[in-house]
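Engineer: how would this look folded up:
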Amino acid sequence: MIFFAFNMLTSGVPLSMVCAVIGLAAAFFLIAAVVRSPAGNQRMREIAGAVQEGAKAYLNRQVITISSIAVIIFILLFIFKDRPTAIGFVIGAFCSLSAGFIGMRIAVVANVRTTQAATESITKALRMAFNGGAVTGLLVVGLALLSVSIFYTVVGRMLGPHIAVSSLVGLALGASLISVFARLGGGIYTKAADVGADLVGKIEKGLEEDDPRNPATIADNVGDNVGDCAGMAADVFETYAVSLIGAILVGALTLPDNPAAVIYPFVLGGISVLGAILGVLFVNVSGGKPANVLMGGVVTSAIVSAVLFWPATHYLFPTGVMIAGQMRSPTQLYWASVVGIVMTAVVVVITNYYTSMHYRPVQKIARASETGHATNIIAGLAVGQHATALPVGFIAIAILLSFHFGGLYGIAIAVMAMLSMAGIIISLDSFGPITDNAGGIAVMSELPKEVRNVTDQLDAVGNTMKAVTKGYAIASAGLAALVLFGSYVQELKMHVTRNGEPFVFEFSLTDPKVIIGLFLGGLLPFIFTAFSMDAVGKAAGAVVREVRRQIQAHPGIMTGKDKPEYGTCVDIVTKAALREMIVPALLPLVFVVAVAVIPQLGPVALGGLLVGTIVTGLFVAIAMTSGGGAWDNAKKFIEEGNLGGKGSFAHQAAVTGDTVGDPYKDTAGPAINPMIKVVNILAILIIPIFF
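Structural biologist: Okay, the predicted model is just below:
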């Protein structure tokens, strides 16, 4: 056993690199398989080409905008912190952007091929859409694990393990900050186009979803890719990287004499890649209902990870480890990892219940639509707020159990194990926009109704999967942020004692500074989401005015005689998204630095700010994403022929609810996830600068 432990201890990080490379190789194999598949007729390829062109143009301009801000932060870190941290920031930012960009590019290739596959069978369409999404899933975990492990290894050999661990915070900040921009920019883009298209197309003109006569249709389809593919990929990349770095930090700070504590998170990450690959394989060889097949992939990935975590834990900690003065056995540490895997399953089941059209919450919103637009809105808001109770309750249980098994390090292990599911979960998320776009291409290409029926079935499943993955990302963010807060306290303690002063800080609720920090932290998610919602409203208003102008100036658009100017709407939402994302994305930086530099507040108030942001951010994010997903599927429930079907009064009310829910679930709510972690990471980073 000791021999195996020695091998795992010295080879854990290199083995994680090998697993990451295997994951990337599997992603490129799937890319080749998707690209080789038939792309349909000429009309289908033209529409797909327009979507690709719009998505590429937006991301290119987004990269330029973000890069200019990233350069300024790099220079500040280089001057006020140190060179390794600044370099880590650039690596994190680059990999986060790359994961989103590549994932989006393959998604816009997969959408038209999914449409073509839908002309043959639902199983072929399911596999095509899922494989396109799996490229993003495997890229995210592979890139995250590879970048962190290579950076840790190189800096560790050049400057020592202590510098390597501390400079990883820079990489985490780069990934998180870029993720906020990607989430916000993509979310503003997709929902401005979606809301604008729906308000004029569906409500005013009675057009179907993705009707080619709607001038905002192409912008809407582009938005699905830049928001749900590129934005979500950057989001989960940073969640995975930050969770890995958080676990490494906790291991290094709380167990400085046990090198296995730092290696263990890398090993869990490597195993997770193999689990994700086998989950992808399961979806490609099994048949049945789409939702059951996709969930089967998740279960397969979970079982593989749970089985392989057992020997890895016992090899690395053969005699256990002393944590906070108490000996913890390897079995206890293993159970901490199982808590994380079970937590993933719990979040998936709960979010599925609140957002799937097969259950009471969504049907309740649909029935409320029969009495009007206002009652639909009221029901949707209520469902979103109800949806917070169970996830938060189970997060509390997960914290208690994992802390019981391994203290703060046990919580870090649970978070890393939860993120071990990221490869398969992000595959499900990207599946959603691919099927949505596939349906749009089917309508605009005037394919038979049977094809649209297939894509509609997959799109309804995709909507639930998108909500599930957002719930997963937010729940894991709550746990990860708690780990980062623990790292903040430990790092602050080490920094103060390193300077020869006694550690006298106490985060007590009787201290006014802590209460002030809690209030400020609790305020941040509300201000952040307010700016995000405002941005969608402004941009959507501009789209509505443009669509009305085109239809009024060219009446032939409605008869099919004139062709809409799709590019104008694309340009409007592109400029609006890039302009409006900057202020909310920089809010977390402003709050943290402001509290740190005010002498009357300082490190104690900053600790309160971190906790306040975690608590209110978690509730607001879950309420928004679950409520928005439920509104969306309530509309689809009616469109399937229930409660009067399409065109009925209930359907009109449901469209209004879906329109309100769009920026909830795809812009403001999901962006809180990286925002929470930016606040916590930045707080750790500025300790030696301000304190």
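Engineer: quick check: which ranges of the stretch 101-250 of the chain have low pLDDT?
Structural biologist: In the predicted model of the stretch 101-250 of the chain, no residue satisfies pLDDT under 70.
Engineer: surely M322 is in a helix?
Structural biologist: No: judged by DSSP: H, G, I helix; E, B strand; the rest coil, M322 forms no part of a helix; its state is strand.
Engineer: where along the stretch 401-550 of the chain do the helices fall?
Structural biologist: 422-444, 449-498, 512-553 (DSSP state H, counting those that start in this stretch).
Engineer: need the ones you listed in CSV with mean neighbour count and distance to Q363, can you?
Structural biologist: For the C-beta atoms, the positions are set from N, CA and C on the backbone; glycine is no exception. Shown next, in CSV, are these (neighbours: other Cβ atoms under 10 Å; distance: least, Cβ to Cβ, whole Å):
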stretch, mean neighbour count, distance to Q363
helix 422-444, 30, 21
helix 449-498, 23, 14
helix 512-553, 20, 27
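Engineer: check the ones you listed for me: which has the lowest mean pLDDT.
Structural biologist: Here the lowest mean pLDDT among these goes to helix 449-498, at a mean of 82.
Engineer: returning to that earlier point: out of the helices of the stretch 401-550 of the chain, which is closest to G156?
Structural biologist: helix 449-498 (18.3 Å; Cβ to Cβ).
Engineer: what angle separates the closest one from helix 422-444?
Structural biologist: If you take axes from the mean of the first three to the mean of the last three Cα atoms, to 10 degrees, helix 449-498 sits at 150 degrees to helix 422-444.
Engineer: can you put the helices of the stretch 401-550 of the chain in TSV and add distance to A387?
Structural biologist: What follows is the helices of the stretch 401-550 of the chain, written out as TSV (distance: least, Cβ to Cβ, whole Å):
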stretch	distance to A387
helix 422-444	18
helix 449-498	8
helix 512-553	16
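Engineer: quick one: closest of these to R328.
Structural biologist: Closest to R328 of the helices of the stretch 401-550 of the chain is helix 449-498 (Cβ to Cβ; 16.3 Å).
Engineer: list the buried ones in the helix or strand containing T313?
Structural biologist: Per DSSP states H and E, T313 falls inside helix 290-316. Judged by neighbour count (16 or more other Cβ atoms under 10 Å), helix 290-316 contains these buried residues: 290-291, 293-295, 297-298, 300-302, 304-306, 308-309, 312-316.
Engineer: out of the helices of the stretch 401-550 of the chain, nearest to A276?
Structural biologist: helix 422-444 (2.5 Å).
Engineer: quick one: the helices in the stretch 551-691 of the chain?
Structural biologist: With helices called from DSSP H, counting those that start in this stretch, the stretch 551-691 of the chain shows them at 556-559, 566-580, 582-597, 602-639, 649-663, 669-685, 687-690.
Engineer: can you name the element that comes right after the helix or strand hosting R61?
Structural biologist: Using DSSP H and E, the element containing R61 is helix 42-80. Next along the chain after helix 42-80, taking DSSP H and E as the criterion, comes helix 83-118.
Engineer: mind listing what's buried in that next one?
Structural biologist: Those would be 84-118, for helix 83-118 by 16+ other Cβ under 10 Å.
Engineer: after the helix or strand hosting A247, next one along is what?
Structural biologist: Under the criterion of DSSP H and E, A247 resides in helix 232-254. As assigned by DSSP H and E, the chain's next helix or strand after helix 232-254 is helix 260-285.
Engineer: output the contacting helices and strands for that next one.
Structural biologist: The criterion is 3 or more Cβ pairs under 8 Å, 6 or more residues apart in numbering; DSSP states H and E, and the helices and strands that helix 260-285 contacts are helix 2-36, helix 122-159, helix 232-254, helix 290-316, helix 389-419, helix 422-444.
Engineer: in a markdown table: the ones you listed, plus distance to P584.
Structural biologist: As requested, the helices and strands packed on helix 260-285 are exported to a markdown table (distance: least, Cβ to Cβ, whole Å):
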| stretch | distance to P584 |
| --- | --- |
| helix 2-36 | 31 |
| helix 122-159 | 24 |
| helix 232-254 | 15 |
| helix 290-316 | 32 |
| helix 389-419 | 24 |
| helix 422-444 | 22 |
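Engineer: closest one to G657 among the helices of the stretch 401-550 of the chain?
Structural biologist: G657 sits nearest to helix 449-498 of all these, at 13.7 Å, using Cβ to Cβ.
Engineer: run the angle between that closest one and helix 669-685 for me.
Structural biologist: If you take the same axes, to 10 degrees, helix 449-498 sits at 20 degrees to helix 669-685.
Engineer: relative to the whole chain's centre, how far out is helix 449-498?
Structural biologist: Centroid separation between helix 449-498 and its chain, computed with Cα atoms, centre = their mean, to the nearest Å, is 5 Å.
Engineer: run the angle between that helix and helix 83-118 for me.
Structural biologist: Angle of helix 449-498 versus helix 83-118, following the same axes, to 10 degrees, is 170 degrees.
Engineer: distance of D220 from Y566?
Structural biologist: 10 Å (Cβ to Cβ, to the nearest Å).
Engineer: and the two? which has more neighbours close in?
Structural biologist: Higher neighbour count among D220 and Y566: D220, with 30 against 22, using other Cβ atoms under 10 Å.
Engineer: between the helices and strands packed on helix 260-285, which gets nearest to L268?
Structural biologist: Set against L268 and scored by Cβ to Cβ, the helices and strands packed on helix 260-285 come closest in helix 389-419, at 4.9 Å.
Engineer: can you name every helix or strand that the closest one contacts?
Structural biologist: Counting by 3+ Cβ pairs under 8 Å, 6+ apart, helix 389-419 packs on helix 232-254, helix 260-285, strand 321-323, strand 326-328, helix 330-355, helix 449-498, helix 602-639.
Engineer: switch to 6 Å and redo it
Structural biologist: If contacts are counted by 3 or more Cβ pairs under 6 Å, 6 or more residues apart in numbering; DSSP states H and E, helix 389-419 sits against helix 232-254, strand 321-323, helix 330-355, helix 449-498.
Engineer: and the second one, how far out from the chain's middle?
Structural biologist: In terms of Cα atoms, centre = their mean, the gap separating the centre of strand 321-323 from the centre of its chain is 33 Å.
Engineer: which residues are in contact with that strand?
Structural biologist: Here strand 321-323 makes contact (Cβ atoms under 6 Å, 6 or more residues apart in numbering) with N258, R328, G406, G407, Y409.
Engineer: out of the residues you listed, which comes closest to D235?
Structural biologist: Closest approach to D235 among the contacts of strand 321-323 (Cβ to Cβ): Y409, at 25.6 Å.
Engineer: quick check: buried residues in stretch 23-31?
Structural biologist: For stretch 23-31, by 16+ other Cβ under 10 Å, it's G23, L24, A26, A27, L30, I31.
Engineer: turn those residues into JSON lines, including distance to G270.
Structural biologist: Output for those, formatted as JSON lines (distance: Cβ to Cβ, whole Å):
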{"residue": "G23", "distance to G270": "9"}
{"residue": "L24", "distance to G270": "13"}
{"residue": "A26", "distance to G270": "14"}
{"residue": "A27", "distance to G270": "16"}
{"residue": "L30", "distance to G270": "20"}
{"residue": "I31", "distance to G270": "22"}
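Engineer: among those residues, which two are most distant?
Structural biologist: Top of the distance list for those (Cβ to Cβ): G23 and I31, 12.9 Å.
Engineer: overlap of the contact sets of those two?
Structural biologist: By Cβ under 6 Å, 6+ apart, no residue touches both G23 and I31.
Engineer: can you count the residues close to the nearest residue to A193 once chain neighbours are set aside?
Structural biologist: Excluding the flanking residues, the one nearest A193 by Cβ to Cβ, 6 or more residues apart in numbering is A219, at 3.8 Å. Residues lying near A219 (other Cβ under 10 Å) number 31.
Engineer: can you check the one 5 residues further on too?
Structural biologist: Number of residues near D224 (other Cβ under 10 Å) recorded here: 30.
Engineer: residues in contact with it?
Structural biologist: D224 neighbours (Cβ under 6 Å, 6+ apart): T190, P433, D436, N437.
Engineer: a markdown table for the residues you listed, including distance to Y264?
Structural biologist: Below are the contacts of D224 laid out as a markdown table (distance: Cβ to Cβ, whole Å):
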| residue | distance to Y264 |
| --- | --- |
| T190 | 38 |
| P433 | 35 |
| D436 | 39 |
| N437 | 40 |
